[in-house]
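> Here's my sequence, what's the structure:
(chains A and B)
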Amino acid sequence: MSGEHPREVDPVTGYDTTGHDWNGIRELNTPFPRFVLWILAATVVYSVVAWILLPAWPTGRDYTRGLLGLDQGAAAVAGLQALDGERQGWLDHFDPADFAALSADTALLDVAMPAAARLFGDNCAACHGAGGVGGPGFPVLADATWLWGGDPETVAETIRVGINADHPDTRVAQMPTFEWLTRDERLALADWVATLREGTAAADAPAATLFADNCAACHGEAAEGNMMNGAPSLIDRAVIYGQDPATIAETLRHGRQGVMPTWSGRLSEAEINLLALYVTRLGEGGQ
Amino acid sequence: MPLRLHYNLEKLSMGLVVGIIVAASIGGIVEIAPLFTIDETVAVPEDLRPHTPLELAGREIYMREGCYACHSQMIRSLADEIDRYGPYSRAGESAFDHPMLWGSKRTGPDLARVGGKYTDAWHVRHLIDPRAVVPASIMPSYPWLTRPLETGLLGEQLATLARLGVPYDADMVGQAAADALSQSRPDSAGAPDVQARYGEGVALRAFDGDPSRLTEMDAVVAYLQSLGTLTNVAHAEARQ
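A predicted model of the protein is given here:
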């Protein structure tokens, strides 16, 4: 100590005081704990080691790369390849996919279906709901009714190209607007279509003629739907937007152009086939 | 010994000030120095396009509503992240973003590559009431996004970004408000101009499902659908 004040040692703790006197109160100059100082020193040593081993200092247009040559991007890609390697054992069976053989391979399905469930949850469930329960505007997948076909090959194609999507081979499904019909005609048609599924629609009603003239081309003479153009059946229990008169009137007035995105590019071919098999199995046992 | 030095320095106020300035400067320089050469160290991808005025308006609303507080726009260089979200984010991908919206905390999922993943209709319903499509969601509802979009400041906003180096030309700045409207009306006369100015990849749609109104929903959905689609550089590098 440079001796501006006489050294004064507190008799109880053995520490120096600061030498100041505030109306008889003196303050201890408690030294910093030794172990904290050692930790501080250790961090400094660690930083020097880290500068040598790891990417650290900027040098203008470059940086010091470190002796270990670590690159986090490359490490992540290597990690992803390791993940892919683990999956390859079973995922390879899905590209190309022989769905009949895959469906029979219970050992493979035991591994693949839990993985498919996670893939479904991350990519499909946002619209189609957890477990494929669907919602207004988003078709139910956990039933036995399909718009384009329910075999795995067809489902895989739908996932691949999407519906009204940005893919060059996208499936196209357009419910045009029938705004040019009079309001009364639309409402009569809506009421009539709403009763189709009950089987109580009168075949000789004026709305039946409207249906035959305007709707049957896509939805079929008996409103049974058409899987070639994605026109839904109007006589089963399944609905996309709703089959009550108000919803149908809305559909007739504004049309519907539901979109399903294309998943080529975002998912691999094997993942698409995996999801297709998963989705078709959701529907098994449904109505 | 160093402790004794420090003890004495504490009693010398100007010496302590100089010491603090020196210590703080080292920390500052280490963080700031790399920015001096950022133009050379971060390559702007050749195919990177700037946001259209409508997307930019959506970006402003994204910031206004604090979406960044729960959603990051940066896929980290970790295997699990790449597996779920796609190639990790490159610095060049946000070269035109002022400010960038990488974020560091996620309550919801990362959105860096959400463009094209879901449909416009899904986004609209999800923003109005997230529980309508994702029952377990804890995201707040944003029903007021259906109100009309203010486009009056878009031109000045583009001009500001142009000064920061985003390649908006005088034509883009002058037509900003008109382009915002045209992008949401694919059948309008101005729609082809939007693609001529910003590229064939720009989506021309009524993003909120109603071409007769230009709403904040149009802007937000257009912005969300553009995320990850402005350049292909990450996918190209990942394939190498």
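> Leaving aside the residues adjacent along the chain, what's closest to A:L108?
Of all residues not flanking A:L108 in the chain, A:W90 sits nearest, at 5.6 Å (Cβ to Cβ, 6 or more residues apart in numbering or on different chains). All C-beta atoms are positioned from the backbone trio N, CA, C, and that covers glycine.
> my guess is that neighbour contacts A:M113, does it?
No. The pair A:W90 / A:M113 is not scored as a contact, 10.5 Å apart, by Cβ atoms under 8 Å.
> of those two, who's got more company?
Taking neighbours as other Cβ atoms under 10 Å in any protein chain shown, A:W90 and A:M113 compare with A:W90 leading, 19 against 15.
> quick one on the thing from earlier: how close does the residue nearest to A:L108 get to A:Y278?
Computed as Cβ to Cβ, to the nearest Å, the A:W90 to A:Y278 distance reads 13 Å.
> Show me the chain divided up by domain.
Picked chain A for this. A:34-63, A:73-170+A:260-283, A:183-254 (automatic domain parsing).
> actually chain B
B:2-36, B:53-239.
> In JSON lines: the ones you listed, plus mean neighbour count.
JSON lines is the format used below for the domains of chain B (neighbours: other Cβ atoms under 10 Å in any protein chain shown):
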{"stretch": "domain B:2-36", "mean neighbour count": "11"}
{"stretch": "domain B:53-239", "mean neighbour count": "18"}
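> Please identify which of the ones you listed is closest to chain A.
Comparing the domains of chain B against chain A with Cβ to the nearest Cβ, the closest turns out to be domain B:53-239 (2.9 Å).
> okay, how far is it across the closest one, tip to tip?
One end of domain B:53-239 to the other measures 31 Å (Cα to Cα, to the nearest Å).
> is any part of it close to chain A?
Yes. Judged by Cβ under 8 Å from any Cβ of the partner chain, domain B:53-239 and chain A are in contact via B:76-84, B:86, B:88, B:116-122, B:125-126, B:132-136, B:238.
> how close does the closest residue to B:R131 other than its chain neighbours sit to B:C70?
Among residues not flanking B:R131 along the chain, B:S137 sits closest, at 5.8 Å (Cβ to Cβ, 6+ apart). B:S137 sits 11 Å away from B:C70, going by Cβ to Cβ.
> Under the pLDDT cut-off, which ranges of chain B? List them.
B:1-2 (pLDDT under 70).
> cool, and chain A?
Looking at chain A by pLDDT under 70, you get A:1-5, A:285-287.
> For the residue in the stretch 51-200 of chain A positioned nearest to chain B, which residues are in contact?
Of all residues in the stretch 51-200 of chain A, A:G79 sits closest to chain B, at 2.9 Å by Cβ to the nearest Cβ. Neighbouring residues of A:G79 by Cβ atoms under 8 Å, 6 or more residues apart in numbering or on different chains: B:78-80.
> and which of those residues is nearest A:V140?
Each of the contacts of A:G79 was scored against A:V140 by Cβ to Cβ, and B:D80 proved nearest at 31.0 Å.
> Give the burial count for the residue lying closest to A:P139 once chain neighbours are set aside, as a bare number.
Excluding the flanking residues, the one nearest A:P139 by Cβ to Cβ, 6+ apart is A:I240, at 5.4 Å. Counted with other Cβ under 10 Å, the neighbours of A:I240 add up to 19.
> now the helices for chain A?
Under the criterion DSSP state H, chain A contains helices at A:34-53, A:72-91, A:99-104, A:106-123, A:125-128, A:152-161, A:183-194, A:206-214, A:216-219, A:245-254, A:269-283.
> who does the fifth one touch, helix- and strand-wise?
Where contact means 3 or more Cβ pairs under 8 Å, 6 or more residues apart in numbering or on different chains; DSSP states H and E, helix A:125-128 is packed against helix B:120-128.
> For A:Y63, which non-adjacent residue is spatially closest?
In space, A:Y63 is closest to A:P55, 5.8 Å off (Cβ to Cβ, 6+ apart).
> surely the one you found meets A:L70?
Yes. Using Cβ under 8 Å, A:P55 makes contact with A:L70 at a distance of 6.5 Å.
> if you count what's nearby, which of the two comes out ahead?
Shown here are A:P55 and A:L70; by other Cβ under 10 Å, A:P55 has more neighbours (16 against 12).
> quick one, what contacts the spatially most central residue of chain B?
In chain B, the residue lying closest to the centroid (Cα atoms, centre = their mean) is B:L101, at 4.9 Å. Taking Cβ under 8 Å, 6+ apart, we find B:L101 in contact with B:59, B:62-63, B:68, B:73, B:94.
> So which residues on chain A come close to chain B?
Proximity of chain A to chain B, by Cβ under 8 Å from any Cβ, involves residues A:1-2, A:32, A:37, A:57-58, A:60-61, A:63, A:72-73, A:75-80, A:82-83, A:122-123, A:125-127, A:129-130, A:135-138, A:166, A:258-262, A:266.
> Any of those residues buried? List them.
Among those, those classed as buried by neighbour count (16 or more other Cβ atoms under 10 Å in any protein chain shown) are A:58, A:76-77, A:79-80, A:123, A:125-127, A:129, A:135, A:137-138, A:258-262, A:266.
> Skipping its backbone neighbours, what lies nearest residue 95 in space?
Since you didn't name a chain, this refers to chain A. A:A270 (3.8 Å).
> wrong one, I was asking about chain B
Using Cβ to Cβ, 6+ apart, the closest residue to B:A95 is B:V44 (4.4 Å).
> a strand runs through that neighbour, doesn't it?
No. B:V44: not assigned to a strand; according to DSSP: H, G, I helix; E, B strand; the rest coil it is coil.
> hmm, who's touching the longest helix seen in chain B?
Secondary structure assigned by DSSP H gives helix B:13-36 as the longest helix of chain B. Contact with helix B:13-36 is made by A:57-58, A:63, B:9-10, B:41, as judged by Cβ under 8 Å, 6+ apart.
> Stretch A:208-222: how far from the chain's middle?
37 Å (Cα atoms, centre = their mean, to the nearest Å).
> my bad, should have said stretch B:148-159
17 Å.
> Using PDB, write out every CA atom in that stretch.
Extracted C-alpha coordinates of stretch B:148-159, given in PDB (Å, rounded to 0.1, in the frame of the first residue of the first chain):
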ATOM      1  CA  PRO B 148     -57.700  -1.900 -45.300                       C
ATOM      2  CA  LEU B 149     -53.900  -1.500 -46.000                       C
ATOM      3  CA  GLU B 150     -52.300   1.900 -45.900                       C
ATOM      4  CA  THR B 151     -50.100   2.200 -48.900                       C
ATOM      5  CA  GLY B 152     -49.300   6.000 -48.800                       C
ATOM      6  CA  LEU B 153     -45.800   5.600 -47.300                       C
ATOM      7  CA  LEU B 154     -44.700   2.700 -49.400                       C
ATOM      8  CA  GLY B 155     -42.900   4.800 -52.000                       C
ATOM      9  CA  GLU B 156     -40.900   6.600 -49.300                       C
ATOM     10  CA  GLN B 157     -40.100   3.400 -47.600                       C
ATOM     11  CA  LEU B 158     -38.700   1.900 -50.800                       C
ATOM     12  CA  ALA B 159     -36.700   5.100 -51.300                       C
END
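> Of all the domains of chain B, which one comes closest to A:V49?
domain B:2-36 (17.4 Å).
> My read is that A:C215 contacts A:A223, right?
Yes. Between A:C215 and A:A223 there is a contact at 7.4 Å, judged by Cβ under 8 Å.
> count of residues packed around A:D105?
Under the neighbour criterion other Cβ under 10 Å, A:D105 is assigned a count of 14.
> A:F94 versus that one, what's the distance?
Taken as Cβ to Cβ, the span from A:D105 to A:F94 is 11 Å.
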